[in-house]
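Asker: coords please:
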Amino acid sequence: MELITKKRLILVAGRGHSELSTEVAAHLKIPLGECVLSTFANGEIYCRYGENIRSADVFVFQTHGGSINDLLMEQLIMIDAAKRASAKRITAVCPFYGYARQDRKAEGREPITARLVADMLTAAGADRVVTVDLHTGQIQGFFDYPVDHLTAVPVIAEYLKDNVVDDAVIVAPDAGGGKLARRFADRLNADIAFIDKRRPKGTHNVAVATEVVGDIDGRTCIIVDDMIDTAGTVVSAANLLIDRGAVEVYIAATHGLLSGPAVDRLKNGPIREVVVTNTVPISDEKRFDNLRVLSIAPLLAEAIDAVFEDGSVSELFGGDNM
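Answerer: Numbers count the residues shown, from 1 in each chain. The predicted model follows:
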């Protein structure tokens, strides 16, 4: 007896970012899969698939912004449910990968939580991960299966090319941002400068920009980073750049977390425009006049389609996504 099977792509989404997941499904021209999610009175999360997913290629979509621990746990439960429902392959789609900053031990007796998250996704039953602009690319090494590491650089660079003056300088807010700054500089044919940043020992959301390395006098500066959390780093860098003679400052980042005092700092800082993508939901109260939110949905849809069809994800970026 001979049996010819057809591949089925099923995209299911957690409750972390319904706007983005719906937009991705629209670009893929498929409906979101049926998945019942609810929360018990004591906070436990319940999940049940409302359709047959046996032998399907299931993509479990969840961004880890907002209530990060609840959203991460919800994705793990969804992956476990898909595994027990006999899905053929399960891909965890994490536009923003939670705990990515804790990718090493900066001081003694600290965890490496980015590895812990990788282990939990593996234990739940994921066979692959799709994510966007990890804090460091080396996090891919925490997984023993493929990680498709997308980057929002082409999306943001295209916007900057159309909206910022030609003679711009790409600024890395710290020494670790050099590779990202180089990607932007190559796409925009711009020079690079670096900020010397100091983080007081024992602190997590405090950073002080102390000096600029590079020619920024009389020029437009674009500070690039993977995320904006409390905005302390980028606003401190913007103030320093203006003090050193920059004409105006733009800030570009993939993940606009905008936690705590971030919005006030960005609104009151010497910043012409803040450009982020919608990898995490940005509520109305966090939006302000000079904030621009670009959609990452077309890029995610292309990557999901390439994974489903066993194509090359790297070709979407010309190999510039490692």
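
Asker: For the residue lying closest to Ala181 once chain neighbours are set aside, which residues are in contact?
Answerer: Leaving aside its sequence neighbours, Ala181 sits nearest to Ala172 (Cβ to Cβ, 6 or more residues apart in numbering; 3.9 Å). C-beta: built from backbone N, CA, C; applies to glycine. Shown in contact with Ala172 (Cβ atoms under 8 Å, 6 or more residues apart in numbering): 178, 180-181, 192-195, 224.

Asker: Could you do Tyr49 as well?
Answerer: Tyr49 touches 12, 33-36, 81-82, 85, counting by Cβ under 8 Å, 6+ apart.

Asker: Quickly find the element holding Asp144.
Answerer: Using DSSP states H and E, Asp144 falls within no helix or strand.

Asker: And it, how far from Leu134?
Answerer: Going from Asp144 to Leu134 by Cβ to Cβ, to the nearest Å gives 17 Å.

Asker: about what we covered before: return the set of residues that bridge with the residue nearest to Ala181.
Answerer: Beta-bridge pairing of Ala172 under DSSP bridges involves Phe194.

Asker: which residues are in contact with the lengthiest helix in the chain?
Answerer: Taking DSSP state H as the criterion, the chain has its longest helix at helix 68-84. Residues outside helix 68-84 that contact it (Cβ under 8 Å, 6+ apart): 12, 14-16, 35, 37, 43, 45, 47-49, 53, 58, 60, 62-65, 90, 92, 94, 98-99, 117, 120-121, 124-126.

Asker: now swap in stretch 280-295 and tell me
Answerer: Stretch 280-295 is contacted by residues 16-17, 19-20, 23, 63, 65-66, 95-96, 152, 155-156, 159, 255-258, 262-263, 266-267, 271-278 when judged by Cβ under 8 Å, 6+ apart.

Asker: swap in stretch 135-151?
Answerer: By Cβ under 8 Å, 6+ apart, stretch 135-151 touches 97, 100-101, 103, 114-115, 118-119, 121-122, 126-134, 176, 183, 226-227, 254, 299-300, 303, 307, 313, 316-317, 320-322.

Asker: Now the terminal residues of that stretch, how far apart.
Answerer: 11 Å (Cα to Cα, to the nearest Å).

Asker: average pLDDT for stretch 220-235?
Answerer: Taken as a whole, stretch 220-235 has an average pLDDT of 95.

Asker: sorry, that was for stretch 261-274
Answerer: 96.

Asker: Would you mark the buried spots in that stretch?
Answerer: Neighbour-count burial for stretch 261-274 flags 262-263, 265-266, 269, 271-274 (criterion: 16 or more other Cβ atoms under 10 Å).

Asker: I'd guessed Ala190 sits against Ala168; true?
Answerer: Yes. Ala190 is within contact range of Ala168, at 5.0 Å (criterion: Cβ atoms under 8 Å).

Asker: any shared contact partners between these two?
Answerer: With Cβ under 8 Å, 6+ apart as the test, Ala190 and Ala168 both reach Ile222.
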